[in-house]
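J.: here is a sequence together with a model predicted from it:
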Amino acid sequence: MILKILIIDTFIITVFMYLVLLGSSKCKTIEEREMEDVEQMKQLNNGRRQNNDK
């Protein structure tokens, strides 16, 4: 019985988290998305450089 409740709760939490993530990405402006893309590319390049230095 407890296992069924835990599984159902986990499923409900998963659905809500998905909706939160989906909603947060839709609220961003084009400029915010571009800024995030640039930041992510910088982080990826820095990570590659650190791996090459080792």
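T.: Looks like it came in fine.
J.: use CA for all of it now, contacts and neighbours both
T.: Noted.
J.: spit out the contact partners of E31.
T.: If a contact means C-alpha atoms under 8 Å, 6 or more residues apart in numbering, then E31 has no contacts.
J.: can you rerun that using 10 Å?
T.: Contacts for E31 were tallied using C-alpha atoms under 10 Å, 6 or more residues apart in numbering; they are D37.
J.: low-confidence bits of the chain, can you list those?
T.: Across the chain, the ranges flagged by pLDDT under 70 are 51-54.
J.: mind telling me what element the most centrally placed residue in it is part of?
T.: For the chain, the residue sitting closest to the mean C-alpha position, by C-alpha atoms, centre = their mean, is L21 at 7.1 Å. Following DSSP states H and E, one finds L21 within helix 2-26.
J.: what packs against that helix?
T.: Judged by 3 or more C-alpha pairs under 10 Å, 6 or more residues apart in numbering; DSSP states H and E, helix 2-26 has no packing partners among the helices and strands.
J.: give me the angle between the helix or strand just after that helix and helix 2-26.
T.: Per DSSP H and E, helix 2-26 leads on to helix 30-53 as the next helix or strand towards the C-terminus. Here the directions of helix 30-53 and helix 2-26 differ by 110 degrees (axes from the mean of the first three to the mean of the last three C-alpha atoms, to 10 degrees).
J.: this completes my enquiry, with thanks.
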